[in-house]
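A.B. asks: One predicted model, sequence on top.
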Amino acid sequence: MQGAKRKVVQAVLYELIGALFVSPVIALAFDESLAYSGALALLLSLSALVWNMLFNGLFEHWEARQVERTRGLKRRMLHAAGFEGGLALLLVPLMAWWLGITWAEAFVADLGLLVFFFFYAFAFQWAFDRLFDVPDSAKELPLCPANG
């Protein structure tokens, strides 16, 4: 699976599975109902979905221009760190507003989510690539025939 279809399937699955993990944790951590925390998780997921599509498009554009195109450990860690770092900039203000907490408290809460999602992003993308193959941007270029 390649192109836009791959990006949409990857992003939607990633966010749905992530929201299933996050909703009960938010409910317990902030003593809120599952419906309230589920609504927040949905809002966080929708925000992350937009960021996911944008970030992955930019990452694959960058990746396709690299000499080494395979997704090794270093590139996967770079991908996960870049995605989660950018996402934190979007979600901290949203969490502070929704939960009625300070930005500092939201930042601490987001750190917990970042730790979880760093490992989740790494594992999810690895599994997704194994199930659906890597995108063309991560495939080795064919070798040129030898001259002569």
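C.D. replies: On my side now, so go ahead.

A.B. asks: and the strand or helix carrying residue 39, what other elements does it pack with?
C.D. replies: Element membership of residue 39 [criterion: DSSP states H and E] is helix 34-64. In terms of contacts (3 or more CB pairs under 8 Å, 6 or more residues apart in numbering; DSSP states H and E), helix 34-64 is packed against helix 3-29, helix 73-99. Placement of C-beta: from N, CA and C, glycine included.

A.B. asks: for it, which positions count as buried?
C.D. replies: Going by neighbour count (16 or more other CB atoms under 10 Å), the buried part of helix 34-64 is 36-38, 40-41, 44-45, 48-49, 51-53, 55-56, 59-60, 63.

A.B. asks: Equivalent analysis for stretch 114-130, please.
C.D. replies: Within stretch 114-130, the residues that count as buried by 16+ other CB under 10 Å are 114, 117, 118, 120, 121, 122, 124, 125, 128.

A.B. asks: The residues you listed: which two are farthest apart?
C.D. replies: 114 and 128 (19.9 Å; CB to CB).

A.B. asks: Just the ones in helices from the buried residues of stretch 114-130, please.
C.D. replies: Mapping the buried residues of stretch 114-130 onto helices (DSSP state H) picks out 114, 117, 118, 120, 121, 122, 124, 125, 128.
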